[in-house]
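# Just need the structure, nothing else, for what follows:
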Amino acid sequence: MTLIKKAATAAAVAALAASTAFTASAETTKLRIQTHYAPETVSGKLAAQYMQDIQDMSNGEIEVEMFYSSSVVKSVETFDAASTGILDCDMTGGGYQTGKNSAFQFVGDIMGGYDTPYQQLSWLYFGGGKEAAAPLYNKYGMELIGWWVYGQESFASSKPIASVEDFKDWKFRSPPGMQTIIFEKLGASPIVMDFTEIFTALETGIIDGADASGLANNVGLGLYDIVKHANFPGFHSMPSDHLACNKAVFDAMPAHHQKIMKVAMEALALRTALTFEKKNAEAAAQLREQGVTLSQWSTEELNKFRAAAQSAWAEFADTPEAKALVDSHLAYLDQLGLKQ
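Numbering: from 1, shown residues only. Model prediction:
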């Protein structure tokens with residue numbers, strides 16, 4: 001055998017050995033994740049893209065079993081299901097956990113706070129938000145991986161919602177938390193119910209309207225097939241959907257898997273904000289053609305709502321974790337010129 005052939009053979013053997021060693025040492029992370037979004041909604045499709053991204057970027061080392069439409073447990077139970085090991089990660093939002101600690105309101109939906117997803121995300125990543133939120137999640141055995149914020153929500157309603165006055169005696173679906181306090185003060189009658197119950201409640205007249213999601217997601221849910229009024233652009237609520245994982249599970253993951261999941265969440269955040277800029281505008285045009293009335297609030301009415309919302313923050317922040325988060329938000333909002 002010539003010297004060249006011997007060298008080639010040795011190189012091939014070495015490459016095979018290295019390949020075999022890599023395969024044998026490759027670590028696998030298997031995750032069970034639940035979201036409240038249906039797979040056919042815009043957010044459901046974005047969640048699916050995130051799962052595909054982390055699997056692809058990990059070369060298949062991260063494997064995900066995904067559950068949509070809160071198919072394992074109710075939306076509000078997802079966080080506890082992850083912290084106790086029934087699931088591994090919760091892809092709903094902190095707003096569902098306000099009954100556990102009021103601080104979750106201020107990582108779930110900072111009502112009357114930021115105007116755009118970009119402002120809200122900048123607080124999380126560059127304004128001290130992650131540092132302020134981490135102790136809250138860790139207290140309950142969870143790790144905050146990141147946020148994805150689709151922008152201001154729009155109501156679905158059987159009557160016009162064009163001013164604060166229109167809230168009087170309006171019976172609508174509300175998520176749990178501070179929102180019920182704000183809207184009760186403004187004369188509305190909020191009814192807390194699960195995300196998955198909204199369509200039937202509207203259809204049967206149990207409620208007159210719903211605070212469900214952004215305009216495009218509401219279209220995907222079929223809400224405007226039942227009621228013919230919405231407000232757009234939205235103003236009242238901009239939920240921060242989170243990905244939060246069982247801390248023990250996350251801590252046991254290889255460092256590169258952890259980083260893939262966190263960086264991919266930043267990509268999902270940008271993709272979500274940009275997608276909904278376009279999707280909401282398309283949905284608005286479609287709804288107008290279908291005879292749905294879209295009401296845009298005046299600056300005066302918007303300021304009335306912002307003042308009412310921010311006045312409720314101190315009242316709702318009744319734990320040390322909540323007070324720390326409110327202080328962090330107010331300091332950052334002051335920098336942005338949005339503090340009332």
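
# contacting residues around residue 53?
With contacts defined as Cβ atoms under 8 Å, 6 or more residues apart in numbering, residue 53 is in contact with 264, 267, 268. Quick note: C-beta positions are derived from backbone N, CA and C, even for glycine.

# wait, which of those is closest to residue 315?
Among the contacts of residue 53, residue 268 lies closest to residue 315 (Cβ to Cβ), at 33.1 Å.

# need the contact list for that closest one.
Residues near residue 268 by Cβ under 8 Å, 6+ apart: 46, 49, 50, 53, 146, 148.

# could you list every residue that touches the closest residue to the first one other than its chain neighbours?
Just to be clear, that refers to residue 46. Leaving out its chain neighbours, the residue that sits closest to residue 46 by Cβ to Cβ, 6 or more residues apart in numbering is residue 272, at 5.5 Å. By Cβ under 8 Å, 6+ apart, the contact list for residue 272 reads 43, 46, 117, 148, 149, 150.

# Of those residues, which belong to strands?
Counting by DSSP state E, the contacts of residue 272 place residue 148 in strands.

# which among the contacts of residue 272 gets closest to residue 73?
Using Cβ to Cβ, residue 43 is the member of those that lies nearest residue 73, at 18.8 Å.

# Surely the closest one and residue 241 touch.
Yes. Using Cβ atoms under 8 Å, residue 43 makes contact with residue 241 at a distance of 7.2 Å.

# which residues are common contacts for the two?
148, 150.

# Selecting buried members of the contacts of residue 268 in ChimeraX, what would you type?
Applying 16 or more other Cβ atoms under 10 Å to those, the buried members can be selected in ChimeraX as follows:
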select :46,50,53,146,148
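
# so which pair among the contacts of residue 268 is furthest apart in space?
Longest span within the contacts of residue 268, Cβ to Cβ: 49 and 146, 14.4 Å.

# so who does residue 256 touch?
Neighbouring residues of residue 256 by Cβ under 8 Å, 6+ apart: residue 58.

# I'd guess it is in a helix, am I close?
Yes. Assessed with DSSP: H, G, I helix; E, B strand; the rest coil, residue 256 lies in a helix.

# Model confidence for it, exactly?
pLDDT recorded at residue 256 is 98.

# cool, residue 63 as well?
On pLDDT, residue 63 comes in at 98.

# State the helix or strand in which the closest residue to it other than its chain neighbours lies.
Distance criterion Cβ to Cβ, 6+ apart; nearest residue to residue 63, sequence neighbours excluded, is residue 30 at 4.7 Å. Assigned by DSSP states H and E, residue 30 falls within strand 29-35.

# all strands in the stretch 1-150 of the chain, in order from the N-terminus.
Along the stretch 1-150 of the chain, the segments classed as strands by DSSP state E, counting those that start in this stretch run 29-35, 62-67, 89-91, 142-148.

# Turn those into JSON lines, columns for distance to residue 249.
Below are those laid out as JSON lines (distance: least, Cβ to Cβ, whole Å):
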{"stretch": "strand 29-35", "distance to residue 249": "8"}
{"stretch": "strand 62-67", "distance to residue 249": "12"}
{"stretch": "strand 89-91", "distance to residue 249": "8"}
{"stretch": "strand 142-148", "distance to residue 249": "8"}
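
# Can you say which of these is nearest to residue 226?
strand 29-35 (23.4 Å).

# ok, the closest one: who's next to it in the sheet?
Paired strands of strand 29-35, with direction, are strand 62-67 (parallel), strand 89-91 (parallel) (DSSP bridges).

# State the mean pLDDT of it.
Per-residue scores along strand 29-35 average to 98.

# and it, which residues are buried?
29, 31, 32, 33, 34, 35.

# cool, stretch 263-280 as well?
Buried, per 16+ other Cβ under 10 Å, within stretch 263-280: 264, 265, 267, 268, 269, 272, 273, 275, 276, 279, 280.

# go on, stretch 42-61?
Across stretch 42-61, burial judged by 16+ other Cβ under 10 Å covers 42-44, 46-48, 50-51, 53-55, 57-58, 61.

# ditto for stretch 85-98
Across stretch 85-98, burial judged by 16+ other Cβ under 10 Å covers 87, 88, 89, 90, 91, 92, 93, 94, 95, 96, 97, 98.

# so what's the backbone phi/psi at the closest residue to residue 309 other than its chain neighbours?
Nearest residue to residue 309, sequence neighbours excluded (Cβ to Cβ, 6+ apart): residue 112, at 2.4 Å. For residue 112, the backbone dihedrals (degrees, to the nearest 10) come out as phi 70, psi 20.

# Counting neighbours, what do you get for residue 112?
Residues near residue 112, counting by other Cβ atoms under 10 Å, number 25.

# for it, what are its contacts?
182, 236, 305, 306, 307, 308, 309, 310, 312, 313, 340 are the contacts of residue 112 under Cβ under 8 Å, 6+ apart.

# And for residue 273?
Residues near residue 273 by Cβ under 8 Å, 6+ apart: 116, 117, 118, 121, 149, 150, 151.

# okay, it: pLDDT?
So, for residue 273, pLDDT stands at 95.

# ok, it to residue 281 distance?
Taking Cβ to Cβ, to the nearest Å as the measure, residue 273 falls 13 Å from residue 281.
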